[in-house]
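J.: got a sequence here, can you model it:
(one chain, ligands or ions: 2)
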Amino acid sequence: MPLNLFHEPPEPSIEPLVDGVALLRAFCRDDAPILLDSITNVASASPFRQMVVPSGHTMSVGMTNCGDLGWTTDRTGYRYTAHDPVTGKPWPPMPSALLDLAQRAANAAGFPTFTSNACLINQYAIGARLSLHQDKNEQDYTHPIVSVSLGLPATFLLGTLHRSDTPRRIRIEHGDVLVWGGPARLIYHGVAPITAGEHPLTGPFRINLTFRRVAI
Ligand code: MD6
Ligand code: FE
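T.: Ligands and ions are numbered 1, 2, ... in the order given. Predicted structure coming up:
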C-alpha cells in the first residue's frame, strides 16, 4: 500500500459498532454541499432555536425540522408536531436530497424499506453537547434512525440499554452516517461538547440530521 503522505481523507467504509448500529464512514461526504444548501433553505423557513426541556433547562443545541412531522420540546414535554410552534406553519417539506440520502444509507445498512417522514436538524456551536438519552418518542421502534454528521467532528457517546453503563466514545467526522435500529434502537447515547475548530463548509459548527419514520 502506498504511504499516504498527504493525509487524504478515508475511503468510504461500513463499520458495525454493536448489533444494530452501523457506521457508514464518509458515506455522504461528496453530497455535503448540496445537503448543506438544503439545510440552509429549511432554516430560512423554520429557523434554528434552542428548545426548553421539561426540567426548564434550555438545550445548548439549536434545532429545527423538515418533513411531515418535527420533534419539539417545551416545559410540558417532548412530542412530534406537524406545525412549527415558532412560525405556526407546517415544517418545511423534506428536500429531495435529504430524503434520498436517508433511503440510500438505510439500504446500505440493511433496511431497504425505510422511508423517512421526519428529519430533526441539530446545530452545534463550539461547546454544545447532548446529554445521554434514549430516542423513544416515535411509537414504532421497528424503523431505524439514520443519523448524518456534517462539519466539525464530534465524540459520539454510544451507551447500552442501561443508563449507568459507561458509554463508548466514537469519533464521528464530516460525511459519516450512523444507521441505528433493531436491537440497538433504544440504547442510551449522547454527544460530548464540541471542541473549537473551523470547518471549510460549516465554519464553527457541527450539523447533525436524524431521519426517522414517525407514526402519523
Ligand atoms: C447527534 N444524535 O449526533 C445526536 N439519536 O447530534 C442523536 O441523538 C441520535 O445520532 C438516535 C440515533 C442516532 C443519533
Ligand atoms: Fe438521539
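
J.: residues in contact with stretch 23-43?
T.: 9-17, 64-66, 92, 95, 97-98, 101, 105, 108-109, 121, 148, 150, 170, 172-179, 201-202, 207, 209 (Cβ atoms under 8 Å, 6 or more residues apart in numbering). Using the backbone N, CA and C atoms, a C-beta is placed for each residue, glycine as well.

J.: how much distance is there from that stretch to the middle of the chain?
T.: 11 Å (Cα atoms, centre = their mean, to the nearest Å).

J.: list the buried ones in it?
T.: Buried residues in stretch 23-43, counting neighbours by 16 or more other Cβ atoms under 10 Å, are found at 23-29, 31-32, 35-36, 38-39, 42-43.

J.: just give me the closest of the residues you listed to residue 60.
T.: residue 43 (17.4 Å; Cβ to Cβ).

J.: and the strand or helix carrying the closest one, does that touch ligand 1?
T.: Counting by DSSP states H and E, the element that carries residue 43 is helix 32-45. No - residues of helix 32-45 contacting ligand 1 under Cβ under 6 Å from any ligand atom: none, with a closest distance of 13.4 Å.

J.: what does the helix or strand following that helix rub up against?
T.: Per DSSP H and E, the first helix or strand lying C-terminal to helix 32-45 is strand 62-67. Under the criterion Cβ under 8 Å, 6+ apart, residues 42-43, 46-51, 70-72, 84, 91-95, 98, 116-125, 128 lie in contact with strand 62-67.

J.: so among these, which ones count as buried?
T.: 42-43, 46, 48-49, 51, 70-72, 84, 91-92, 94-95, 98, 116-124, 128.

J.: now, these that are in helices?
T.: 42, 43, 98 (DSSP state H).

J.: distance of the last one relative to residue 197?
T.: It refers to residue 98. Relative to residue 197, residue 98 is positioned 24 Å away (criterion: Cβ to Cβ, to the nearest Å).

J.: for this structure, give me the ranges with low pLDDT.
T.: Within the chain, the segments meeting pLDDT under 70 span 1-7.

J.: who in it is up against ligand 1?
T.: Counting by Cβ under 6 Å from any ligand atom, the chain sits next to ligand 1 at 122, 130, 135, 145, 147, 156, 178, 180, 189, 191, 208, 210.

J.: how about the fourth one, nearest residue that isn't a chain neighbour?
T.: To tie it back to what came earlier, the one meant is residue 145. residue 180 (4.6 Å; Cβ to Cβ, 6 or more residues apart in numbering).

J.: wait, what's in contact with the one you found?
T.: Counting by Cβ under 8 Å, 6+ apart, residue 180 makes contact with 20, 21, 144, 145, 146, 147.
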